[in-house]
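J.: I'd like to go over a predicted model; first the sequence, then the structure.
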Amino acid sequence: MSDRTLLLAGNWKMNHDHLEAISSVQKLAWALEDAKLDETKCDVVVIPPFTDIRSVQTLIQGDKLWLTYGAQDVSQHEPGAHTGEIAASFLSRLGCTYVVVGHSERRANNNETNDVVAAKVKAALAQDITPILCIGESLEQRQEKTHVDFTLTQLEESLAGLDSAALEGLVIAYEPVWAIGTGETATAEDAAEMAAAIRAHLEEKHGLALASSTRIIYGGSVKTGNVAQILASDDVDGALVGGASLNGPDFAALCKAAVAK
Ligand SMILES: O=C[C@H](O)COP(=O)(O)O
């Protein structure tokens, strides 16, 4: 059993406007309370669209809810002439604890290269926001059995230029692209294999302390019915959940199943 705190993060993607977000967060909070989840056993995070964050902040802080929240992306730039971008300092002012960086849907849709991802990780850390760095292989790479090498290279290049001390608290989300939104879930063995490889890589490149403290979570069609087996390995510290996080009570049930693993 590791001493890392379980992390269950719900990435809403482009779902729930700011009014729907208020309702969804409220229902999640009530359901977590009803589930009597031990708050010391896990961190439950909601990651809404940018337009919802202020409403989510007001609700969570106003009602002192046991939830934290974050953003789905961040600019690598400082504030300035960057149309459509969101600076890390803005997210910090909104009380964001986490930010997803390098999600495969953004890497693909925005041709987001590893060096841009590394700059985003750096921008988040500079504002004391915890990056949830997403990495993971394609179906072809898994079929060709190059998935581990690819994912570790993606990890190292997405952390380029950052020294080990700066990475304290980093969260890494292993998300095999072929499992995202498909209903296809990696097996517990797949998740454990990659988490162990990532942790060994961190130890080799950044030392045992960082390797031991870094939370490595899994994402890709996680549901209440499969979360316990995916988390069976001590190297897997939680989940980045998409579709199954959109309904508050369902996500609370998933969190309860994760804690009970
Ligand atoms: O960020 C979440 C991941 O992309 C997984 O999404 P999913 O649970 O809908 O497969």
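T.: Ah, there it is. Numbers count the residues shown, from 1 in each chain.
J.: For the one residue in the chain that gets nearest to the ligand, which residues are in contact?
T.: Nearest residue of the chain to the ligand, counting by CB to the nearest ligand atom: residue 242, 2.3 Å away. Yep, even glycine has a C-beta here, placed from its N, CA and C like the rest. With contact set as CB atoms under 8 Å, 6 or more residues apart in numbering, residue 242 has these partners: 10, 11, 12, 13, 180, 181, 219.
J.: Let's see the pLDDT reported for it.
T.: Residue 242 is assigned a pLDDT of 97 by the prediction.
J.: and if you look at residue 234?
T.: pLDDT, residue 234: 91.
J.: pretty sure residue 234 is in contact with residue 2, am I right?
T.: Yes. With contact defined as CB atoms under 8 Å, residue 234 counts as touching residue 2 (4.9 Å).
J.: Quick one: neighbours of residue 258, just the number.
T.: Close neighbours of residue 258, defined as other CB atoms under 10 Å, add up to 24.
J.: tell me the contacts of it?
T.: 6, 8, 42, 227, 228, 231, 238, 239.
J.: and the fifth one, how far is that from residue 222?
T.: Right, residue 228. 10 Å (CB to CB, to the nearest Å).
J.: Which one of the two is surrounded by more residues?
T.: Per other CB under 10 Å, whichever of residue 228 and residue 222 has more neighbours is residue 222, with 28 against 15.
J.: I'd say that one and residue 236 touch.
T.: No. Using CB under 8 Å, residue 222 is not in contact with residue 236, being 10.7 Å away.
J.: Need the overlap of contacts for the two.
T.: Counting by CB under 8 Å, 6+ apart, the residues touching both residue 222 and residue 236 are residue 230.
J.: Please report phi then psi for residue 47.
T.: Backbone geometry at residue 47, expressed as degrees, to the nearest 10, gives phi -130, psi 90.
J.: Sorry, slip of the keys, the one I care about is residue 6.
T.: Residue 6 has phi and psi values of phi -60, psi 140 when expressed as degrees, to the nearest 10.
J.: Which strand residues bridge it?
T.: In this entry, residue 6 is beta-bridged to residue 42, by DSSP bridges.
J.: Could you give the number of residues near it?
T.: Look at residue 6: counted by other CB under 10 Å, it has 20 neighbours.
J.: that older thread, which ones among the contacts of residue 258 lie within strands?
T.: 6, 8, 42, 238, 239 (DSSP state E).
J.: I figured the second one hits residue 236, correct?
T.: No. In this structure residue 8 lies outside contact range of residue 236 using CB under 8 Å: 11.8 Å.
J.: Pick out whichever of the two has more residues nearby.
T.: Set residue 8 next to residue 236 and count neighbours by other CB under 10 Å: residue 8 wins out with 27 against 23.
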